[in-house]
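>>> coords below, sequence missing:
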């Protein structure tokens, strides 16, 4: 009976841990809302506590129950650490092209670099690469240059759908949304970028400038100060941020 209880205790706790990890991954990877992501750890904690409580009830001995829980928790932490890390990395990894695809991609990128956007789009379509994550940003850039911003927007969104961790695609989409005067949507994209990586000064600078245009001065100052802290001292970006902060300060004095 004791063996049965111990085995059941282990199964219940590990099942609760797996469920907790699944909920965490769904909230973090699937949704870009900070509010939803903030629920991830509390939910993980509640599910873990619930499974711990079941373990204690099953063992009917507090000391034995907590001993089993401690051992299982240590094992779960180690397993979940590597599992979550590998799953997040794989979800954000941009798929690679084979040798033929890489050669075609180089040709298309060269056409985009030369400004031959129509030919670049034609080549991408002919080589069945127009929907490949590695080239979608080039396709979107060409579409935007040809005066097709809505198509470019859809292409960037497709790139993000395929590779949620593609920072460049998200950043370029945010900039495109600004040109379309969809400032709220652009701000949302910048927030999503910061959820992925908070240490890129160009993102914080661009977001700060957008917030200024939206007359959200305090939030803009917060982003600009963060950008200044990330830029190397006296670099071009650092100087630009200081100039913007100086103008804001002068405006507040008037």
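Looks like it arrived, so ask away. Values in this document were obtained by computation on a predicted structure and should not be read as measured data.

>>> Which residue ranges of the stretch 51-200 of the chain form helices?
62-92, 99-113, 117-126, 133-145, 149-162, 167-179, 183-196 (DSSP state H, counting those that start in this stretch).

>>> Okay, buried residues for the third one please.
Of the residues in helix 117-126, those with enough neighbours to count as buried (16 or more other Cβ atoms under 10 Å) are 117, 120, 121, 123, 124. Quick note: C-beta positions are derived from backbone N, CA and C, even for glycine.

>>> Next up, the contacts around the closest residue in space to residue 117 that isn't next to it in sequence.
By the measure of Cβ to Cβ, 6 or more residues apart in numbering, the closest residue to residue 117 outside its immediate chain neighbours is residue 142, 3.9 Å from it. Residue 142 sits next to 112, 117, 118, 120, 121 when contact means Cβ atoms under 8 Å, 6 or more residues apart in numbering.

>>> can you pull the pLDDT of residue 66?
The per-residue pLDDT reported for residue 66 equals 58.

>>> do residue 105 as well
For residue 105, the model assigns a pLDDT of 80.

>>> and the nearest residue to residue 178 once chain neighbours are set aside, how many residues sit next to it?
Nearest residue to residue 178, sequence neighbours excluded (Cβ to Cβ, 6+ apart): residue 186, at 4.7 Å. Neighbour count of residue 186, defined by other Cβ atoms under 10 Å: 23.

>>> Kindly report the same for residue 149.
16.

>>> ok, now residue 242?
Residue 242: 14 neighbours (other Cβ under 10 Å).

>>> now swap in residue 253 and tell me
Neighbours of residue 253 (other Cβ under 10 Å): 6.

>>> before we move on, back to that, which pair in the contacts of residue 142 spans the largest distance?
112 and 118 (10.8 Å; Cβ to Cβ).

>>> Return the set of buried residues in stretch 144-164.
144, 148-149, 151-153, 155-156, 158-160, 162-164.

>>> Pull the most distant pair out of the residues you listed.
148 and 164 (24.2 Å).

>>> which ones are touching the closest residue in space to residue 174 that isn't next to it in sequence?
In space, and not counting its chain neighbours, residue 174 is closest to residue 189: 3.8 Å by Cβ to Cβ, 6+ apart. Neighbour list for residue 189: 170, 171, 173, 174, 177 [criterion: Cβ under 8 Å, 6+ apart].

>>> Whichever of these end up buried, select them in ChimeraX.
With 16+ other Cβ under 10 Å as the criterion, this ChimeraX line picks the buried residues out of these:
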select :170,171,173,174,177
